[in-house]
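**Q** With the input below, show me the fold.
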Amino acid sequence: MSDARTLLLQRLRGRSATVGVIGLGYVGLPLLVEFAKAGFSTIGFDVDHARVERIGRGESDIPDVATEELVAAVEAGRLLATTDVRRLTEVDTVNICVPTPLRKTKDPDLSFVAAATESVGAHLQAGQLIILESTTYPGTTEEVVQPRLERGGLKVGRDFFLAFSPERVDPGNAEWRTANIPKVVGGIDPASTELAAALYQQIVDTVVPVSSTRVAEMVKLLENTFRAVNIGLVNELALMCRDLGVNVWEVIDAAKTKPFGFMPFYPGPGLGGHCIPIDPFYLSWKARQNGFESRFIELAGHINGRMPRYVLERISDALNTVGKPLKGSTIHLFGIAYKANVGDTRESPAIDLAQLLRARGASLSYSDPYAAVLELGPSHLDAIEPATAFDQGFDCAVITTSHSLFDYDEIVRRSPLIVDTRNALRGRTESHIVRL
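**A** Numbers count the residues shown, from 1 in each chain. Alright, predicted model coming up:
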């Protein structure tokens, strides 16, 4: 083990190792490009043939990966994308960055992790370092990944190395990128932790080693559960403030002037993205397996999950004030992505709202400069330009995403009725604006 550890450590620090990444989405592709920029030879693996072909042409569909960076890495011969898992035998390290969704029962779905691990295990070489980055519950690396990797006879700590490092990606955030976000790493054994830290130190400013994979897995869940619970609190506050006749946004703005002991969170139409709506349920599921009831997490999930229905009520109430029923009314959604200035629609509450509106008989249209298609079960809608929407006319505009490319002055001027779920119209007092 000592010789294998020493050799790999030298290759990592000398940047002569070949780095592999499985899953070339919002987490994997930026990571792969950073390693290529640092001078490593890299191989990216994905099951999506079309995505692999796009990457091979230097075309990026990830907002955090500039096309010119990807082109430079591909043309320099430092970045190769493939669907051929047999090439896993050519890499020294493997980062697994695949989705970890929830089943309909809110139980963890580790099928993508299991499939990726099976591929790695079938081609595992002595001396390789394997790192799971997919968000999951504490114990996954030891209970799910390690046994699959050891089936061929190689043993962790003797023949290969295994660690967990939680992804910390905020799509569209220009300030915090892969290179300057501190990286937490925890290995199955000290050598695995050391090697994982050495790998990330080549591309990340700060690496934070922890004592085990379980601690590292729990770190990610704490981070996102913290956000989910606090967003649940402020969403409940928004419901309360409506009944009390208080502007919740003004309350938050005043509260955040306190220089200590307070951190602002903001209400909205619900939770979106891969992390916050999902990760806390990984923790609550694991807690239930150990006989512990996570009440805060379950309550926050309940409150956040009902926000699209609350927005539906606000739309219906707003239409009633002008003598229109929800059924048959034309509703135009401004934004379908889950957050501003990205095209990521994963778990977007705007989609839940759209489905609710359609089920109530409303006629839908939407604009989003980052998301061209809205999938609604067996059917879909295509985005239209705001100018087209204004010309066609609608009964109510709903601001579900506060993209900076929207002209809010025009929205206010040309919309007969507006329901603003994102405080995009801060400071506006027009009577036809209804707030969350």
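**Q** what about the most centrally placed residue in the chain, distance to T136?
**A** The centroid of the chain falls nearest to H274 when counting by C-alpha atoms, centre = their mean (3.7 Å). To T136, H274 is 12 Å away according to C-beta to C-beta, to the nearest Å. Any C-beta I mention is one placed from the backbone N, CA and C, and that applies to glycine too.
**Q** now do P166
**A** From P166 to T136 the distance is 9 Å (C-beta to C-beta).
**Q** Give the intersection of the neighbour lists for those two.
**A** E217 (C-beta atoms under 8 Å, 6 or more residues apart in numbering).
**Q** hmm, back to that, in contact with the residue nearest to the centre of the chain, which residues?
**A** Y26, P99, P101, T135, R346, E347.
**Q** which of the residues in the helix or strand hosting F226 are buried?
**A** If you go by DSSP states H and E, F226 is part of helix 213-244. Neighbour counts over helix 213-244 (16 or more other C-beta atoms under 10 Å) mark 213-214, 216-221, 223-225, 227-229, 231-239, 241-242 as buried.
**Q** how long is stretch 71-88 end to end?
**A** 23 Å (C-alpha to C-alpha, to the nearest Å).
**Q** Check the offset of the lowest-mean-pLDDT helix or strand in the chain from the chain's centre.
**A** The least trusted helix or strand in the chain, going by mean pLDDT, DSSP states H and E, turns out to be helix 279-289, with a mean of 84. Centroid separation for helix 279-289 versus its chain: 18 Å, with C-alpha atoms, centre = their mean, to the nearest Å.
**Q** Stretch 246-253 - what's its average pLDDT?
**A** The pLDDT scores in stretch 246-253 average 96.
**Q** The residue sitting furthest away from the middle of the chain and V311, how far apart?
**A** Distance from the C-alpha centroid of the chain, by C-alpha atoms, centre = their mean, peaks at G323 (40.1 Å). Distance, G323 to V311, using C-beta to C-beta: 21 Å.
**Q** Tell me the bridge partners for L132.
**A** As for beta bridges, L132 partners with I96, F164 under DSSP bridges.
**Q** if I pick it, what's in contact with it?
**A** I96, V113, T140, T141, V145, A163, F164, S165, T213.
**Q** P277 now?
**A** A228, G270, L271, N304, E347.
**Q** What of T83?
**A** Going by C-beta under 8 Å, 6+ apart, the list of residues near T83 reads F45, D46, V47, D48, H49, V52.
**Q** Any idea how many residues pack against the nearest residue to the second one once chain neighbours are set aside?
**A** Counting by C-beta to C-beta, 6 or more residues apart in numbering, the nearest residue to D46 once its immediate chain neighbours are dropped is L24, at 4.3 Å. If you count neighbours by other C-beta atoms under 10 Å, L24 ends up with 27.
**Q** Repeat that for the one 4 residues further on.
**A** G28 is surrounded by 24 other residues when neighbours are defined as other C-beta under 10 Å.
**Q** pLDDT score for the closest residue to G305 other than its chain neighbours?
**A** Spatial nearest neighbour of G305, excluding adjacent residues (C-beta to C-beta, 6+ apart): G270 at 7.0 Å. At G270, the pLDDT value in this model is 91.
**Q** Would you mind measuring from S404 to K339?
**A** With C-beta to C-beta as the criterion, S404 and K339 are 12 Å apart.
**Q** intersection of neighbour lists for the two?
**A** Residues touching both S404 and K339 (C-beta under 8 Å, 6+ apart): none.
**Q** quick one: which of those two has more around it?
**A** K339 (19 against 9).
**Q** Could you look up the SS state of that one?
**A** At K339 the chain is in coil, as set by DSSP: H, G, I helix; E, B strand; the rest coil.
**Q** show me the contacts for it.
**A** K339 is in contact with P171, G172, G272, G273, T401, counting by C-beta under 8 Å, 6+ apart.
**Q** now do N235
**A** Going by C-beta under 8 Å, 6+ apart, the list of residues near N235 reads P267, G268, I303, N304, M307.
**Q** Which pLDDT value goes with the third one?
**A** In this model, I303 is scored at 93, pLDDT.
**Q** State the three-state secondary structure for it.
**A** Secondary structure, three-state DSSP: I303 is helix.
**Q** Contact partners for it?
**A** So I303 contacts G232, N235, E236 (C-beta under 8 Å, 6+ apart).
**Q** show me the contacts for the residue found closest to it once you drop the neighbours it is linked to in the chain.
**A** Nearest residue to I303, sequence neighbours excluded (C-beta to C-beta, 6+ apart): G232, at 4.4 Å. Shown in contact with G232 (C-beta under 8 Å, 6+ apart): L299, A300, G301, I303, N304.
**Q** can we see that at 7 Å?
**A** By C-beta atoms under 7 Å, 6 or more residues apart in numbering, the contact list for G232 reads L299, A300, I303, N304.
**Q** what helix or strand is N423 on?
**A** Using DSSP H and E, no helix or strand contains N423.
**Q** how about it, phi and psi?
**A** Dihedral pair for N423: phi 60, psi 30, per degrees, to the nearest 10.
**Q** quick one: secondary structure of the nearest residue to it once chain neighbours are set aside?
**A** Among residues not flanking N423 along the chain, W249 sits closest, at 4.9 Å (C-beta to C-beta, 6+ apart). Secondary structure, three-state DSSP: W249 is helix.
**Q** wait, W249 sits on T421?
**A** No: under the criterion of C-beta atoms under 7 Å, W249 is not in contact with T421, lying 11.3 Å apart.
**Q** which residues of the stretch 251-400 of the chain fall in helices?
**A** Applying DSSP state H, counting those that start in this stretch to the stretch 251-400 of the chain gives helices spanning 279-289, 295-305, 307-321, 349-359, 386-392.
**Q** export the second one as PDB, just CAs?
**A** By that I understand helix 295-305. Extracted in PDB, the C-alpha atoms of helix 295-305 (Å, rounded to 0.1, in the frame of the first residue of the first chain):
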ATOM      1  CA  ARG A 295     -39.300  16.600  12.700                       C
ATOM      2  CA  PHE A 296     -37.800  19.900  11.500                       C
ATOM      3  CA  ILE A 297     -36.900  18.400   8.100                       C
ATOM      4  CA  GLU A 298     -40.300  16.900   7.600                       C
ATOM      5  CA  LEU A 299     -42.100  20.100   8.600                       C
ATOM      6  CA  ALA A 300     -39.900  22.300   6.300                       C
ATOM      7  CA  GLY A 301     -40.500  19.800   3.500                       C
ATOM      8  CA  HIS A 302     -44.300  20.100   4.000                       C
ATOM      9  CA  ILE A 303     -44.300  23.900   4.100                       C
ATOM     10  CA  ASN A 304     -42.000  24.300   1.100                       C
ATOM     11  CA  GLY A 305     -43.900  21.600  -0.800                       C
END
